[in-house]
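Participant: How does the following fold in three dimensions:
(chains A, B, C and D)
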Protein chains: 4
Amino acid sequence: MSKISVETFNAIIASELPFAEATGVYLRSIERGRAEMVLPYSQRLIRPGGTIAGPFMMLLADVCMYAVVLSEIGEIKLAVTTSLNINFVRKPANTELVGIGSVIKMGKRLAVLEVSVYSNEDIVAHATGTYSIPPHPAG
Amino acid sequence: MSKISVETFNAIIASELPFAEATGVYLRSIERGRAEMVLPYSQRLIRPGGTIAGPFMMLLADVCMYAVVLSEIGEIKLAVTTSLNINFVRKPANTELVGIGSVIKMGKRLAVLEVSVYSNEDIVAHATGTYSIPPHPAG
Amino acid sequence: MSKISVETFNAIIASELPFAEATGVYLRSIERGRAEMVLPYSQRLIRPGGTIAGPFMMLLADVCMYAVVLSEIGEIKLAVTTSLNINFVRKPANTELVGIGSVIKMGKRLAVLEVSVYSNEDIVAHATGTYSIPPHPAG
Amino acid sequence: MSKISVETFNAIIASELPFAEATGVYLRSIERGRAEMVLPYSQRLIRPGGTIAGPFMMLLADVCMYAVVLSEIGEIKLAVTTSLNINFVRKPANTELVGIGSVIKMGKRLAVLEVSVYSNEDIVAHATGTYSIPPHPAG
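Facilitator: Below is the predicted model of the structure:
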C-alpha cells in the first residue's frame, strides 16, 4: 500500500512546491511504487504549435517520480533528483498530459524511476531518473 | 558570428515562449555556438530549502540550448528538443542561475548541445541534449 | 509475431557482429517488441570484484535493443544506435546476465527502447536507447 | 598534477581489466582532471560497415572516465560507474578512436565526467557519466 495518499501529496504540492502548483499539476492516483499525475492543458504552458512545452513535460515527469518515491518511503521531503533523462518521441496533442510513474529499483539510498507521458492515449515522452534518499528512521 | 542577436532571441521568448517569459529567463550574451542565459531568483520557482527547483534548471538548460541552435541556423523556430539528460551535482545557493551553452556537434538535421548551470561560480548542474532541425533553405 | 527468429538473429551475431559473438552473447527468445538475451559469465569480461564489467552490460543492452528493433522491422541491418542511457543500480552476482528488452515507441524513423538487466532475479542495470531506422520498403 | 601516471594506469588495465586489455585500449596522456585514451582499430571490434561498434565507444568512454577519476583521487580501484549517457553523432572512419575525458564536477562521493570521442579529428560520440567514489583516507 502506498505510504502517502493522493490528498497528502497534493497538499505537499500546494504548500511546498509553488512552481508545480502554478502549473496545475496534480496527483490522480497512487499505489505503492506507481503514480499517475495530470498536467492540465493551459495557454501559459505552450510552445509554438500550441502544445505543452518540453520543460513542463520534464516537470510532470520529475514531480511524478517524486510521488513514486514518497509512495515507497512516506513523507520525507528531502529526497532530491540527482539525474533525469528524457526522450521526446512524438508531438503531443493540444490536451492535458498524463504521467504514469513506476519504480525500476528502490534502494535505501538511491531510487531509480521511470515515467511515461501520454497525450490522449499516445506516448509522447519517456523519462528515467534517479533520486537520492536521505538516511531516515523508517528506511 | 551568431546568426541571431540577443535582442531577437529575447523577443522570441517574449512573443512565443510564454512559459519561459513567465520565469524571467533571458539571454545575456551570444556568439556563434555559445550562449549565456540567466534565470533570476524568484520565490515562485523554489523548492523546499529555498533554492530554484530542478525543473527550472531543466527549463534554463533547454532554452539555452535553443539559443545555441539559433546562433548557428538563425531564426528557425521549429527546431525541437528530442532528448535531454541532466545531472544535478550540487545544491545551488539562493541566487540567480546562469547557463552556459555550447555546441558539441552541429549537423544538418541534428544538433548536440551541452549546458553547464552555475550558481555564484559553482557548477550545480550539467545537461546534454539533442535538437532536431527541420530542413531549411539556409542549411 | 516477431519479424525475425531467434535463429536468424543469432546468425546475424555470428556473421556480422564479431565483437558480440566473442562475448558469447545470444538471443534466447523473441516476440514482436520484446527480446530476451543472455550474456554468459566469463573470466574475460570481469572487473575487480569478479563481476561482469559495465561496458559488457552496455553491450548486452545495446544488442538486445537491436533484437527488439529487428523484431519490429525484420532483417534491416543498417539500423543504428543514436543514443544510450544506462543506470547501474546494483552490483551483479558472479553469474550470467539476462537482458529483457522492450519497445517504448516504435516510429517509422526512430525507435525508443528499454532494457532491464538481471543477475539471478535482481535488476542490476536499466538502459534506454534510441535507434535510427533507415527508410525501407517494408516500413 | 595527476595522482596517477600513464604507466600505472596502463598497468591497472593489464592486471585488472582483462576485458579492456583485450581491446588494446591504452592511456596516452594524463594530467589532473584530463585524460586521453586510444582505442586501436581492429577487425574484432567492428560492426557492419567496418567501423568500431558502439559498445566499444562506450567502453572507451567508460575507461577514459575511470582514468580521469584516478587522476584526481589516485589509485583507488573501487570507484564504480553509476550511470552513463552517450550520443552517437557521426559514423566514425575505419581508424583508431581517441577519447578525451575531463571533469565536470569532482565531489567527495560522486564525480561527474565527460568524454568526447574522435575519429581522425571529427567528434563521433559524446558521453557523460557519474562515478561513485568510496570513502578513502586521501579524500
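Participant: Let's see the lowest-mean-pLDDT helix or strand in chain A as PDB, backbone CA atoms only.
Facilitator: When each helix and strand of chain A is scored by mean pLDDT, DSSP states H and E, helix A:18-21 comes last, with a mean of 90. C-alpha atoms of helix A:18-21 as PDB (Å, rounded to 0.1, in the frame of the first residue of the first chain):
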ATOM      1  CA  PRO A  18       4.700  26.700  -5.600                       C
ATOM      2  CA  PHE A  19       6.200  26.200  -9.000                       C
ATOM      3  CA  ALA A  20       4.400  23.000  -9.500                       C
ATOM      4  CA  GLU A  21       1.100  24.300  -8.100                       C
END
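Participant: what does it contact?
Facilitator: Defining contact as Cβ atoms under 8 Å, 6 or more residues apart in numbering or on different chains, one finds that helix A:18-21 is touched by A:13, A:14, A:59, A:63, B:43, B:44, B:45, B:46, B:47, B:53, B:55, B:56. Yep, even glycine has a C-beta here, placed from its N, CA and C like the rest.
Participant: residues contacting the last one?
Facilitator: By that I understand residue B:56. By Cβ under 8 Å, 6+ apart, residue B:56 lies in contact with A:19, A:55, B:23, B:39, B:45, B:97.
Participant: Of these, just say which sits nearest to residue A:120.
Facilitator: residue A:55 (21.0 Å; Cβ to Cβ).
Participant: quick one: low-confidence parts of chain A?
Facilitator: Scanning chain A for pLDDT under 70 picks out the ranges A:136-139.
Participant: tell me the centre residue of it?
Facilitator: Geometric centre of chain A, nearest residue: residue A:64, 1.4 Å, by Cα atoms, centre = their mean.
Participant: State the distance from it to residue D:37.
Facilitator: 39 Å (Cβ to Cβ, to the nearest Å).
Participant: now residue A:74
Facilitator: Distance from residue A:74 to residue D:37, by Cβ to Cβ: 45 Å.
Participant: Looking at those two, which one has more neighbours?
Facilitator: The neighbour count for residue A:74 versus residue D:37, taken as other Cβ atoms under 10 Å in any protein chain shown, is higher for residue D:37 (29 against 13).
Participant: Can you tell me whether I have it right that the residue nearest to the centre of chain A is in a helix?
Facilitator: Yes: according to DSSP: H, G, I helix; E, B strand; the rest coil, residue A:64 belongs to a helix.
Participant: So it is in contact with residue A:38, correct?
Facilitator: No: Residue A:64 is beyond contact range of residue A:38, at 9.7 Å (criterion: Cβ atoms under 8 Å).
Participant: Which neighbours do the two have in common?
Facilitator: Both residue A:64 and residue A:38 are contacted by residue A:99, under the criterion Cβ under 8 Å, 6+ apart.
Participant: Just the ones of the contacts of helix A:18-21 in helices?
Facilitator: Secondary structure from DSSP state H places A:13, A:14, A:59, A:63, B:55, B:56 of the contacts of helix A:18-21 in helices.
Participant: Widest-spaced pair of the residues you listed?
Facilitator: The largest separation in those, counting by Cβ to Cβ, is between A:14 and B:56 at 18.4 Å.
Participant: Quick check: residues of chain A near chain B?
Facilitator: Chain A comes close to chain B at residues A:16-20, A:22, A:43-49, A:53-56, A:58-59, A:62-63, A:77-78, A:80-88, as judged by Cβ under 8 Å from any Cβ of the partner chain.
Participant: Got a quick ChimeraX command for the buried subset of the residues you listed?
Facilitator: Per 16 or more other Cβ atoms under 10 Å in any protein chain shown, the buried members of the residues of chain A next to chain B correspond to this ChimeraX selection:
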select /A:17,18,19,20,45,46,47,53,54,55,56,58,59,62,63,80,81,82,83,84,85,86,87,88
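Participant: so how far is residue A:37 from the residue nearest to the centre of chain A?
Facilitator: For residue A:64, the distance to residue A:37 - Cβ to Cβ - is 4 Å.
Participant: between the two, what contacts are shared?
Facilitator: Common neighbours of residue A:64 and residue A:37, using Cβ under 8 Å, 6+ apart, are A:99, A:101.
Participant: Can you name the residues of chain A that neighbour chain C?
Facilitator: Contact residues (Cβ under 8 Å from any Cβ) of chain A with chain C: A:83, A:85, A:87, A:89-90, A:104-105, A:107, A:110, A:112, A:114, A:116, A:123, A:126, A:128, A:130.
Participant: Just the buried subset of the residues you listed, written out for ChimeraX, thanks.
Facilitator: Only the buried entries of the residues of chain A next to chain C go into this ChimeraX selection, using 16+ other Cβ under 10 Å:
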select /A:83,85,87,89,104,105,110,112,114,116,123,126,128,130
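Participant: Among the residues of chain A next to chain C, name the ones in helices.
Facilitator: Among the residues of chain A next to chain C, no member falls in helices (DSSP H).
Participant: right, and the pair among the residues of chain A next to chain C with maximum separation?
Facilitator: Longest span within these, Cβ to Cβ: A:90 and A:107, 32.1 Å.
Participant: can you tell me which residues contact the nearest residue to residue A:52 once chain neighbours are set aside?
Facilitator: Of all residues not flanking residue A:52 in the chain, residue A:45 sits nearest, at 4.9 Å (Cβ to Cβ, 6 or more residues apart in numbering or on different chains). Contacts for residue A:45 were tallied using Cβ under 8 Å, 6+ apart; they are A:23, A:39, A:52, A:53, A:56, B:18, B:19.
Participant: same question, residue A:111
Facilitator: A:68, A:69, A:72, A:79, A:103, A:105, A:130, A:131, A:133.
Participant: try 7 Å
Facilitator: By Cβ atoms under 7 Å, 6 or more residues apart in numbering or on different chains, the contact list for residue A:111 reads A:69, A:103, A:130, A:131, A:133.
Participant: for residue A:63, same thing?
Facilitator: Residue A:63 neighbours (Cβ under 7 Å, 6+ apart): A:20, A:25, A:37.
Participant: likewise residue A:119?
Facilitator: A:92, A:93, A:95, A:97.
Participant: Look up how far chain D lies from the closest residue to the first one other than its chain neighbours.
Facilitator: What that stands for is residue A:92. Excluding its sequence neighbours, the residue lying closest to residue A:92 (Cβ to Cβ, 6+ apart) is residue A:119, at 3.5 Å. Separation of residue A:119 from chain D (Cβ to the nearest Cβ, to the nearest Å): 25 Å.
Participant: Need phi/psi at residue A:119.
Facilitator: Residue A:119 adopts backbone torsions of phi -130, psi 120, taken as degrees, to the nearest 10.
Participant: any idea how far it is from chain C?
Facilitator: Residue A:119 is 12 Å from chain C, by Cβ to the nearest Cβ.
Participant: so how far is residue A:94 from that residue?
Facilitator: Applying Cβ to Cβ, the value for residue A:119 to residue A:94 is 9 Å.
Participant: Equivalent analysis for residue A:51, please.
Facilitator: Taken as Cβ to Cβ, the span from residue A:51 to residue A:94 is 6 Å.
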